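In: Compute the structure for the input listed below.
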Amino acid sequence: MIEARDLLVRFGAVTALDLPHLAIAPGERLGVTGRNGSGKTTLLRVLAGLLAPTRGRLTGLPPPGRAVLVHQRPWMLSGSAEANVAYALSLARRPAAGAGRWLAALGADHLAGRRARDLSGGERRRVAIARALAVEPELLLLDEPYAALDEPGLAAVNGALAGYAGTLVVAAPALGPAPVRRVVALGAAAASEQRA
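Out: Here you go, the predicted model:
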């Protein structure tokens, strides 16, 4: 169980996140909504271990390397789309030869030989999600995963996420088709919660 209590993140005089309590059960599919600036990305960065909170307690996070954050604007390594996924597999000590299978799972196998940094926003997102799923993380954090996706891309992402067995946290101003079962709304006041 991941649990955050009295979580506060400040950048100088600006409060980026103020979250009294959040519990995420193993295998849960959680949606995080809120306006721009409400702290969604900040929360994902804290859960990924990329940002230390200013105050508060966070317990139950997976060990380093077992939580993966797919950023809103995914960063691509130089080389092909397939090489991006193969590199992640090699870091996870898994056979890099499986990269094509993960691209296919995201409906992106046709992008395998294309230079990753030349891909469109939606294509990058699909490659980045394939790269994340390939390492089979315990905790998968997705920041606005549906931005710039067309209908086939959206269907491919949701199809791939349906087979993911770990804990999933999806953050977006509007969750739309995200496969979540519980939603937490961040805002100026304390976070509110609802079932999806």
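
In: what about the strands in this structure?
Out: 2-11, 14-24, 29-33, 55-59, 67-70, 139-143, 167-171, 182-185, 192-195 (DSSP state E).

In: Dump those to TSV, plus mean neighbour count and distance to A116.
Out: All C-beta spots, glycine's among them, are computed from the backbone N, C-alpha and C. Formatted as TSV, the strands of the chain follow (neighbours: other Cβ atoms under 10 Å; distance: least, Cβ to Cβ, whole Å):
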stretch	mean neighbour count	distance to A116
strand 2-11	17	31
strand 14-24	17	30
strand 29-33	23	27
strand 55-59	13	32
strand 67-70	23	14
strand 139-143	24	19
strand 167-171	25	23
strand 182-185	18	32
strand 192-195	10	37
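
In: can you list the ones you listed in a markdown table and add mean pLDDT and distance to A112?
Out: Formatted as a markdown table, these follow (pLDDT from 0 to 100; distance: least, Cβ to Cβ, whole Å):
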| stretch | mean pLDDT | distance to A112 |
| --- | --- | --- |
| strand 2-11 | 96 | 34 |
| strand 14-24 | 96 | 34 |
| strand 29-33 | 97 | 29 |
| strand 55-59 | 95 | 38 |
| strand 67-70 | 96 | 19 |
| strand 139-143 | 97 | 22 |
| strand 167-171 | 97 | 25 |
| strand 182-185 | 95 | 35 |
| strand 192-195 | 51 | 39 |
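
In: Rebuild the ones you listed as CSV, extending it with distance to A83.
Out: Output for the strands of the chain, formatted as CSV (distance: least, Cβ to Cβ, whole Å):
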stretch, distance to A83
strand 2-11, 32
strand 14-24, 33
strand 29-33, 30
strand 55-59, 34
strand 67-70, 18
strand 139-143, 21
strand 167-171, 26
strand 182-185, 36
strand 192-195, 41
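
In: Can you name the residues that contact the most centrally placed residue in the chain?
Out: Nearest to the mean C-alpha position of the chain, counting by Cα atoms, centre = their mean, stands L142 at 2.0 Å. Neighbour list for L142: 69-70, 129, 168-171 [criterion: Cβ atoms under 8 Å, 6 or more residues apart in numbering].

In: what comes up buried for stretch 130-140?
Out: By neighbour count on 16 or more other Cβ atoms under 10 Å, the buried set for stretch 130-140 is 130-135, 137-140.

In: can you redo those as CSV with distance to A155?
Out: Shown next, in CSV, are these (distance: Cβ to Cβ, whole Å):
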residue, distance to A155
A130, 15
R131, 19
A132, 18
L133, 16
A134, 20
V135, 23
P137, 22
E138, 26
L139, 24
L140, 18
